[in-house]
Structures are given as C-alpha cells and as structure tokens.
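Peer 1: Generate coordinates for the sequence data below:
(one chain, ligands or ions: 1)
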Amino acid sequence: MISARTAGIAEAQELSDLSSNPSRTLRVDYIFSGTDRSQEISLDEMSCFDGWAGRTVNMDMVPVRGNGQISLTDAAGGQVLYRQSFSTLFQEWQTTEEATRLRKSFENVFLLPMPSSRAVVKVELYDFRGGVSASLSHVVDPADVLIRKQVPGNVPNEYILESGDPKECIDVAIVAEGYTSDEIETFYEDARKAVDAILSHRPFGEYRDRFNFVAVALTSSESGVSVPGEGDWKDTALKSHFNTFYMDRYLTTLRLKNLHDRLTGIPYEHIIILANTDTYGGGGIYNSYTLTTAHHKAFEPVVVHEFGHSFAGLADEYYYDDQFVEYYYPDCEPWEQNITTLYDFASKWEDMLPRTVSLPSPTPEIPIWDETGNGMNSLIGVYEGAGYQSKGVYRPYPDCRMKTNSPKAFCPVCQRAIARIIDFHTVGE
Ligand SMILES: [Zn+2]
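Peer 2: Alright, predicted model coming up:
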C-alpha cells in the first residue's frame, strides 16, 4: 500500500492520561563528551512537537540493557513514565586509539513522551561491565518557556508500507542522503528495495502489519556523500561521511540534531538513512540510526544487517584477531541477545539448544541454509568467535545475517530476539 502525504502528525488529544496516551513529543538533545577513560553528559536543548510515534505499551521497561538508558519519572509521584535503552557512537569512539589522546564531543537526541507535569529525566551511560560510567538527572517542567516548539518541515515523503496509526505501529523513517532533486525517484526505488529486503527476512515479514515505513525525500545540493580519505567533501542533507574514526568503510553522520530537525513533522521512532553511493559501507547504532549505501551490490543484506543493530540491538557475530580494545569479559554477560561469554548462558539461547553440544561447537561442513529455513534449529550451538573477538565470545550459529552477507536469513536466535523486540514495542501486558 502506498499513499503520498506531506506531513503526517497525529492529532492533538486530550492532555489527560498522558502516561499511557501521549499526544506530544519532548525532544531532548545532549552532548556526550570525554576520552577513552572519561565521559560527561551535558544537556544541550529541549524542544517539543505535536504527536507521539513512539510505543504506548511497556512504557516503564526496556527490552535489553543497551549501552545507556534514559528514563522519565513523574516528579511528584515517582512513577516511571518512560524508559528507553540505546547505544552511542560516542561510546564506540571511546574504544579507538584517538580517544587515548583527545577529548571529543558527540550529539545525541532522544524522543520522550511530553509529561503533563514536572518530571525528572535521567540519562546513564554504561561501561563494558554494565556499571554506570556517567549519569545526569534534570527536571523538565512542561511550562518551561525555553522548551522550543519545533516547526514541522515540509519534506516530501511517501509511505512504502502503512499498516496503521503511528501510536500502534513501529514507525521507521527511511531518509535520503546525497540524492539531488533529480534523483528523488531513484531514492524512492531504493527505499522500496530496503523495505522489501527487511520484510523478506523472518521474522519481519510475519509482523509486517505492525510496521509503518515512510520514505523521507530530503534533497542534497550535491550527489553522493563525502569521502574525506580522498579529499572529497560534499554538501549533503545529513552531512554524512566515510572515514569515521579514520576507518575507510565507516560511513556515519555525527550531526544528529540536524537529522532530527529535518524529520520534524514525520511520525518516526526508528531511522534508516540511505546514502546515494555505490561504495560499500555503513553502520547501525541501537535505537539511534542505520546508515547504509544504497548502490553497492550488497545493499540489501547490509541494510537488513544494520537494521538488526539499530532496531533490535543485535551484536555483530563476526570477529577479528587484532581488535584494539576488548569489549567482552569472561565474568560479565553481554546484553546483546545473540552473543554470550557463557557467564550467564541461561539468559541467552540455552533453551534453544537442540541437544547436548560440545563447547565450543565445531563448525559443521554440511550446508547450513535451506531455502525455507526449515531444519535450521538442529545447528543451534555455541560457536566460538563473535562480537569482534575470536576467543571467549560465542555465537549461536555457524553463520547469520549478523555475521556475513552470504546467508539468506537471520539465525534462529536472532529471529527470536527480533520477534521479542517487535512484541515489546507493540504488545502490552
Ligand atoms: Zn544471529
């Protein structure tokens, strides 16, 4: 189903009963700054706009811990009105060599339901072991005159899949980056390809009626994206560039305030940015955004892989032998559902193991994938090498969409994790 519209906004509703039926969005912008061993959170700006596209169930819970959390608590009654877990580019940067000799700052933007009375916002960042590494609490008074009223943009957009009310569905904005006004039809085609690729992966297809996908046609004055490593800087809508953290293939945008400014007026809670280039690259940050290149031959598997990060908080199941920093420790269980250190394996896919398995499981030589995915469960095991580490971190399957571009599917453990996240967003207690 495709329907064109300019700026869709849920109609303002009664101000009462906001905790279960928010009608406005509070946007809170922060600066996260620090080095490899220090981190500080500072409030940048608060703003608001009509409508709420976030979830309306499980408001006071998080589905996974994440690398940080933000919560909104009623100041008078102490009731938790909303919680959200997330990961950040800042924390990823903290693991780079550059962070050992430089202090840098990163923009972060969060969307919360606007409280009806004074509330406390608390932001926390976690270290590799799950301990709180930075924390900031501040009061939000809905009558605060400095909460800026965001003006909805008038960006052309088109629904690729419109399953229902933004309050009930998971709203994914697919955003154009590096497409000139002459290339917008190409962008819509690319957006349709991305949605088809996601929905062709189980379990997304089975839950298609819980998703809205809207393609947002931002135009750039130049075609393509910046490649600083080749001295090529372009003027594009979202100011994305390759060579993030000096890594050739790492394409990100650091201008999150600009990204969210440009989306004002569109109901959205998850973001997929499509970059108009054929160079391989991209990234996905849990509850922040996915950014992938639309014209590389691996576009379809990559956009699904990155959405696995940004939507479902899945870990990479691949590994290196020379990682700069160790992310996972034997005395701590990672929060990502598809990897384990075996410290608390019962909290992971132990219940899905088909039989007694050897640790680690030997990689099988028989074919892993069949067209239908039937019979995959018999190969669920504990395979060493995942989460960038060749030792001490284990993955559930020989191969998976979260490991390489060749499989046709997510492994059964990732499929279950994605289904749980979809249910968390859409099914109340
Ligand atoms: Zn997997």
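Peer 1: any idea where the strands of the stretch 51-200 of the chain begin and end?
Peer 2: 68-74, 80-86, 104-113, 119-126, 132-140, 148-149, 157-162, 170-177 (DSSP state E, counting those that start in this stretch).
Peer 1: My error: substitute the stretch 251-400 of the chain in the last question.
Peer 2: Going by DSSP E, counting those that start in this stretch, the stretch 251-400 of the chain shows strands at 270-275, 282-285, 289-293, 319-320, 383-386, 388-395.
Peer 1: Could you tell me the least trusted of the ones you listed?
Peer 2: Lowest mean pLDDT of the strands of the stretch 251-400 of the chain: strand 319-320, a mean of 88.
Peer 1: Return the residues in contact with Gly428.
Peer 2: Thr56, Val57, Asn58 (C-beta atoms under 8 Å, 6 or more residues apart in numbering). (Each C-beta comes from the backbone N, C-alpha and C, glycine too.)
Peer 1: And those residues, which is closest to the ion?
Peer 2: Asn58 (23.7 Å; C-beta to the ion).
Peer 1: Is the closest one in contact with Ile422, as I believe?
Peer 2: No. Using C-beta atoms under 8 Å, Asn58 makes no contact with Ile422, being 11.9 Å away.
Peer 1: Comparing the strands of the stretch 51-200 of the chain, which comes out most buried?
Peer 2: Per residue and on average, the most neighbours among these fall to strand 170-177, with a mean of 27 (mean count of other C-beta atoms under 10 Å).
Peer 1: Look up how far Tyr388 lies from the closest residue in space to Ser347 that isn't next to it in sequence.
Peer 2: Nearest-residue entry for Ser347: Glu333, 6.3 Å, with adjacent residues in sequence omitted and distances by C-beta to C-beta, 6 or more residues apart in numbering. For Glu333, the distance to Tyr388 equals 17 Å [C-beta to C-beta, to the nearest Å].
Peer 1: ok, the closest residue to Asp278 other than its chain neighbours - contacts?
Peer 2: The shortest distance from Asp278 to any non-neighbouring residue, by C-beta to C-beta, 6+ apart, is to His295 (4.0 Å). Residues in contact with His295 (C-beta under 8 Å, 6+ apart) are Asp190, Asn276, Thr277, Asp278.
Peer 1: can you check Arg395 too?
Peer 2: With contact set as C-beta under 8 Å, 6+ apart, Arg395 has these partners: Glu317, Asn338, Ile339, Tyr383, Gly385, Ala386, Lys403, Cys411.
Peer 1: Of those, which are in range of the ion?
Peer 2: Asn338, Cys411 (C-beta under 5 Å from the ion).
Peer 1: Which members of the contacts of Arg395 are classed as buried?
Peer 2: The neighbour count (16 or more other C-beta atoms under 10 Å) marks Glu317, Asn338, Ile339, Tyr383, Gly385, Ala386, Lys403, Cys411 as buried among these.
Peer 1: Out of these, give me the two with the largest separation.
Peer 2: By the measure C-beta to C-beta, Gly385 and Cys411 form the most distant pair in the buried ones among the contacts of Arg395, at 13.9 Å.
Peer 1: Alongside the ion, which residues does the stretch 151-300 of the chain contribute?
Peer 2: Taking C-beta under 5 Å from the ion as the contact definition, the stretch 151-300 of the chain does not meet the ion anywhere.
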